[in-house]
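> Provide a 3D model corresponding to the input given below.
(6 chains)
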6 protein chains.
Amino acid sequence: MYVFIKLVMQVSQIGFIKNLVPQKIGYRNVIYGKQVLALQTIFCTNNYYMADLINEFNDYRHRMNEVILGKNNLVMKRLWNLDTNTYEDGALDKKTKEMLGLVASMVLRCDDCIKYHLGKCFELGINTEALYEVFAVANIVGGTIVIPHTRRAAEYWEALNGARDISVEE
Amino acid sequence: MYVFIKLVMQVSQIGFIKNLVPQKIGYRNVIYGKQVLALQTIFCTNNYYMADLINEFNDYRHRMNEVILGKNNLVMKRLWNLDTNTYEDGALDKKTKEMLGLVASMVLRCDDCIKYHLGKCFELGINTEALYEVFAVANIVGGTIVIPHTRRAAEYWEALNGARDISVEE
Amino acid sequence: MYVFIKLVMQVSQIGFIKNLVPQKIGYRNVIYGKQVLALQTIFCTNNYYMADLINEFNDYRHRMNEVILGKNNLVMKRLWNLDTNTYEDGALDKKTKEMLGLVASMVLRCDDCIKYHLGKCFELGINTEALYEVFAVANIVGGTIVIPHTRRAAEYWEALNGARDISVEE
Amino acid sequence: MYVFIKLVMQVSQIGFIKNLVPQKIGYRNVIYGKQVLALQTIFCTNNYYMADLINEFNDYRHRMNEVILGKNNLVMKRLWNLDTNTYEDGALDKKTKEMLGLVASMVLRCDDCIKYHLGKCFELGINTEALYEVFAVANIVGGTIVIPHTRRAAEYWEALNGARDISVEE
Amino acid sequence: MYVFIKLVMQVSQIGFIKNLVPQKIGYRNVIYGKQVLALQTIFCTNNYYMADLINEFNDYRHRMNEVILGKNNLVMKRLWNLDTNTYEDGALDKKTKEMLGLVASMVLRCDDCIKYHLGKCFELGINTEALYEVFAVANIVGGTIVIPHTRRAAEYWEALNGARDISVEE
Amino acid sequence: MYVFIKLVMQVSQIGFIKNLVPQKIGYRNVIYGKQVLALQTIFCTNNYYMADLINEFNDYRHRMNEVILGKNNLVMKRLWNLDTNTYEDGALDKKTKEMLGLVASMVLRCDDCIKYHLGKCFELGINTEALYEVFAVANIVGGTIVIPHTRRAAEYWEALNGARDISVEE
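Alright, predicted model coming up:
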């Protein structure tokens, strides 16, 4: 560990480890001590974190869906098929339906559902201005308790749009 | 009571009380005994009930909004203004926004909110097929607990579309 | 009005209008003036009210389901079929599944869903003591906001069990 | 029916049926035909409706609590005792606790819970301006879906404060 | 960093760090850069993760309960005692009650509550097929927003049943 | 790994990495293998974790608010301004309003909202006994599903009050 610390110190001084990402997990940064905090700042210059936010979500979703479907509960299987059908083109087009799914997920405050529909909205080419109007409806209807979910939705949307990192100029 | 029933029968026969509506209150019919059930059937021949479903909602909403706004709570006033702005044309058009408001209201299971947005959807010319696709999203996302609210939404939609009464052929 | 009351009094004395029920609708009594309150007391001697609580629910549900299914939205139709399948005998028997449906409906505070599952629990022979243990789980998990729904559930359960009226001795 | 209407008209003219109230049930007026609407207008001149809103709530609550407690489910009984203890004076006074109970009931959108806490707030002397600030917090936190419940809360608060009827001057 | 990776590689090659687990926290993997991703793959060969999912939950729960109970709020203490009593054998047996608690927790989408009841269901010997029928009821009643919670429930159930890792063959 | 542990031991003994904190992320400890568990114990002797719980929350909130407000959606901006106004002194003082916001956030089970209001309650000098009475109302009204959120609230409150670590004596 001593070596590790030492190495990192060196690394941070020379800005060497671009590929490493801060150990940001769940909704917040892993906080290290002062020295490692410096390390984290360096890590944030790389371009892995935001893309990984998407990969992690899809990966976990994929793996656990396999576990669930592997149990052969027919009701679960048929509900999931039905879920897919719901968002197909019909009297309303896919875009509208995905926005409906998104706003419903937001007011029900289901982060993973929000991510799923954000992914679909992105694929279908919905632009950021339109998306934030969906956010606005969700926040007005559902109130300020929707705000924390809007934050995570905004972060995920940045990731989908290729943001490498979200930082605030001081 | 025998006399009462008899009188009504006479009246209905001479087409005099067309304006009377079944005493349908809340979400269901007032159920009388067998004899009065016959009475009710007579009442149902008139065309007031379904329209009244709309009038009652708008009337109560109007009166109570006056009471609330009369108290001059600034937060309440500004929230309500903001609520109106939310559904104006923007990157998304009014139609889409009203459908977003509707689906959000459905999954949150707020009957009065549903009625309000159904009224707006009707004014904006959204057709029944599109509307039922909004219902479908709400039911899939929110589950079978949304069904009772979908029943009341369907009834209100029929009323908006001019239905005089909803009956099922046996 | 005096005449009306008098007529009813006579009628009730001759036991003619047994079928009439007090105009109890929604969650509370229709309140008349003092005289009519007396009238109501007479009405309450008949055995229709509690049964009507059940009939009204089933009637409205039946009629509106017809309206909804008549629109041929496939997602809605398939969801409803799936809903039926969910409560069939499987690894768990119907009784257990209906109690699961009941407790889920209670914590989600869906009165109509509660009534539906209470009807099924009654048909399947679940006794009152067991039922109140389901109520207890719902109230502990969901908190005191479940109490008003428990009141309406208790009333409906009494109706299913043949109660003619619920009154409290002073 | 003609006779009935006529009789009532006579009665109202002689001020005999002061005690009669409009058959307002649930959240909206019972709508009759035109003639009966006139009848209703007459009924509205009496001072029973708003008080009855309170009496009906308390009556139904009282009766159904008796039914539930009569089943001797210990968990239910103890939860209800605990519920009472929760709002006793402590580090926070009763007033504050009842406002906490009220705002919690509002954001959870439980009309009967709201009425219960409004009754307690009224007994404890909380004034209308303070009460509407509780409403404002509930509406901001919980969003516009809280509005319909705020309408019913406002109506009940008027009733508690002795309003005889709520009407809007055109 | 290159050095660091290299060190770990060596360590893994000699099978020395079996005890290390991937830094999977919250609901997803800690994502490192490309090189560290390789590192993670190595870590996944050990058998600690799934068991830790259980230990972490129990540990945090235990520690925080101590903090809360240490404040001596009587309402909290009594509510928790009552919570324990609710699931004791009665007219319904413990198994049924734990399934009731589970389905209620699922439709209310409370991950920690779900884990608690899954633990109890496991102790009481409920099998996987029965458990998935509880999942099915929860998903039908509560809708697709319950799916993400079902994923986490499925993962925890695998952990309880001794799974070492959940992976999907490509 | 042995080497790794050993190094850390040395490091901790020489007080070099005092600033390092256990990699506690999300709601639970990162669990390492047996040896690293020892490592964690060492880390826990430092005083960064609990403070970081607060910093992380504020940091993420600050950054994402900037992202959202940067999109210039007027409804979102105005809702957020309104949110701030809601908690200003009025007929009710700030303390009461923040407790109202807290209890509303608890029954709606919004962890981030809870943290925000806990921070405000702390700034305004609300003491722990009063705070736990707010917790009690939330748990009674909202039921045992509020308990996991109460745990996280209790942890955050300890952090606000300067706790360095929460541990339970065995």
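> can you list the domains in chain A?
Here the domain assignment for chain A is A:2-43, A:49-160, based on automatic domain parsing.
> among these, which is nearest chain B?
Ranking those by proximity to chain B (Cβ to the nearest Cβ) places domain A:49-160 first, at 4.0 Å. For the C-beta atoms, the positions are set from N, CA and C on the backbone; glycine is no exception.
> is chain F contacted by that closest one?
Yes: judged by Cβ under 8 Å from any Cβ of the partner chain, domain A:49-160 comes into contact with chain F at A:109, A:128-129, A:132-133, A:135-136, A:139-140, A:144-145, A:147-148, A:150-152, A:154-155, A:158.
> Residues of chain A that sit close to chain B?
Counting by Cβ under 8 Å from any Cβ, the positions of chain A adjacent to chain B are A:82-83, A:86-87, A:90-92, A:96-97, A:99-101, A:103-108, A:113, A:127, A:129-130, A:132-134, A:136-138, A:140-142.
> Give me the buried entries from these.
Buried subset of the residues of chain A next to chain B (neighbour count, 16 or more other Cβ atoms under 10 Å in any protein chain shown): A:82-83, A:86-87, A:90-92, A:96-97, A:99-101, A:103-108, A:113, A:130, A:132-134, A:136-138, A:140-142.
> average pLDDT across the helix or strand hosting A:His149?
Counting by DSSP states H and E, the element that carries A:His149 is helix A:147-160. Helix A:147-160 shows a mean pLDDT of 97.
> Contacts for that helix, please.
A:27, A:50-51, A:53-54, A:57, A:106, A:109, A:111, A:114-115, A:118-119, A:122, A:128, A:131, A:135, A:138-139, A:166, F:60-61, F:64-65, F:67-68, F:71, F:76, F:80, F:83, F:110-113 (Cβ atoms under 8 Å, 6 or more residues apart in numbering or on different chains).
> that older thread, for the domains of chain A, which has the smallest mean pLDDT value?
The stretch with the lowest mean pLDDT among those is domain A:2-43, at a mean of 30.
> what about the helix or strand harbouring A:Val134 and chain D, touching?
For A:Val134, the host element (DSSP H and E) is helix A:128-142. Yes: judged by Cβ under 8 Å from any Cβ, helix A:128-142 and chain D are in contact via A:Asn139, A:Ile140, A:Val141, A:Gly142.
> Verify the contact between the third one and D:Gly143 for me.
Spelled out, it's A:Val141. Yes: using Cβ atoms under 8 Å, A:Val141 is in contact with D:Gly143, at 5.3 Å.
> The helix holding A:Val134 - contacts with which helices or strands?
Contacts defined by 3 or more Cβ pairs under 8 Å, 6 or more residues apart in numbering or on different chains; DSSP states H and E place helix A:128-142 against helix A:94-107, helix A:147-160, helix B:74-86, helix B:94-107, helix F:74-86.
> what's the angle from that helix to helix B:94-107?
Helix A:128-142 and helix B:94-107 meet at an angle of 40 degrees, taking axes from the mean of the first three to the mean of the last three Cα atoms, to 10 degrees as the criterion.
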